[in-house]
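Q: Would you be able to build a 3D model of this:
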Amino acid sequence: MPSHTEENYLKTIYKLAEAEPGQDVSTNRIAAALATRAASVTDMLRRLAEKELLEYEKYRGVRLTPEGRRLALLTVRKHRLWEVFLVQQLGFNWDEVHEVAEELEHVQSPLLMRRLDAFLNFPTFDPHGDPIPAEDGAVRRPAHRLLTDLAVGECGTLAAVRDTSAPFLQYLDKVGLPLGAQVRVQERMLFDNSLQVSINEERTLVISAEVGRNLFTT
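A: Residues are numbered from 1 along each chain as shown. This next block holds a predicted model:
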């Protein structure tokens, strides 16, 4: 049974690998993601390699073994199910759930997670639009496009956020850009690539290119 710290490492490596498919994950990227020293990361990577949870070669980065990937997906699954529970059942806002779910994701009870999944009616996405892995590790990946990739006149539905930090989610709440909203690009500003978009054909909003690069649409 991996420790909480080991589960955090496996989950982080999985997410970094998903962000750049086909590439080994470097020690420096892991250190940056976990806000820790590269030397500490190296020690943990060696330990995980000894447990055959990842393949590690100095100066060449790491990749998860099948067992390491299974454990990483299990942790991701628990985290995202707890986020759904916190929002739907306990009234948490979507910018408040991450740290609480970070604690709850280490619960080691398969029966509890199966019953939580059933209680929530088997959700497939968390409150941020990220897919929830199935118990067997299968991950449903819908075809997403960044809002910035939509052409002028094109429509899409906000489906997920790339940036899940509290300040960004709070910004979306403040300007009224919830997941599920219908957006249509009305104009792209040549000066800075900011976008003027209509929201549900009811109002117009100008957003920066940075915001658009952090919103996925279907």
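
Q: Next, the buried residues of the longest helix along the chain.
A: For the chain, the helix with the greatest residue count under DSSP state H is helix 66-90. By neighbour count on 16 or more other Cβ atoms under 10 Å, the buried set for helix 66-90 is 68-87. For glycine as for every other residue, the C-beta is placed from the backbone atoms N, C-alpha and C.

Q: how far away is Leu86 from Ala72?
A: Taking Cβ to Cβ, to the nearest Å as the measure, Leu86 falls 21 Å from Ala72.

Q: Same question for Arg203.
A: Counting by Cβ to Cβ - Arg203 and Ala72 are separated by 41 Å.

Q: following the longest helix of the chain, which helix or strand shows up next?
A: Under the assignment DSSP states H and E, the closest C-terminal helix or strand after helix 66-90 is helix 98-104.

Q: Going by residue numbers, what spans are strands in the chain?
A: 54-57, 61-64, 145-146, 155-161, 182-188, 195-199, 203-207, 215-217 (DSSP state E).

Q: Centre of the chain to the fifth one, how far?
A: Per Cα atoms, centre = their mean, to the nearest Å, the displacement of strand 182-188 from the mean C-alpha position of its chain is 25 Å.

Q: what is the mean pLDDT for that strand?
A: Throughout strand 182-188, pLDDT has a mean value of 97.

Q: Mind listing what's buried along it?
A: 183-185, 188.

Q: farthest pair in these?
A: Greatest spatial distance among these (Cβ to Cβ): Val183 and Arg188, at 13.2 Å.

Q: Next, the buried residues of stretch 33-43.
A: Applying 16+ other Cβ under 10 Å to stretch 33-43 flags 33-34, 41 as buried.

Q: possible to save these as CSV with pLDDT and distance to Thr218?
A: Formatted as CSV, these follow (pLDDT from 0 to 100; distance: Cβ to Cβ, whole Å):
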residue, pLDDT, distance to Thr218
Ala33, 91, 27
Leu34, 91, 31
Val41, 90, 36
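
Q: so of those, which ones are in helices?
A: Judged by DSSP H, helices contain the following of those: 33-34, 41.

Q: how many other residues sit next to Ala17?
A: Ala17: 20 surrounding residues under other Cβ atoms under 10 Å.

Q: is it possible to export the strands of the chain to CSV including distance to Tyr14?
A: Shown next, in CSV, are the strands of the chain (distance: least, Cβ to Cβ, whole Å):
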stretch, distance to Tyr14
strand 54-57, 10
strand 61-64, 6
strand 145-146, 22
strand 155-161, 17
strand 182-188, 30
strand 195-199, 32
strand 203-207, 30
strand 215-217, 19
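
Q: nearest to Leu48, of these?
A: Taking Cβ to Cβ, strand 54-57 is the member of the strands of the chain nearest to Leu48, at 4.9 Å.
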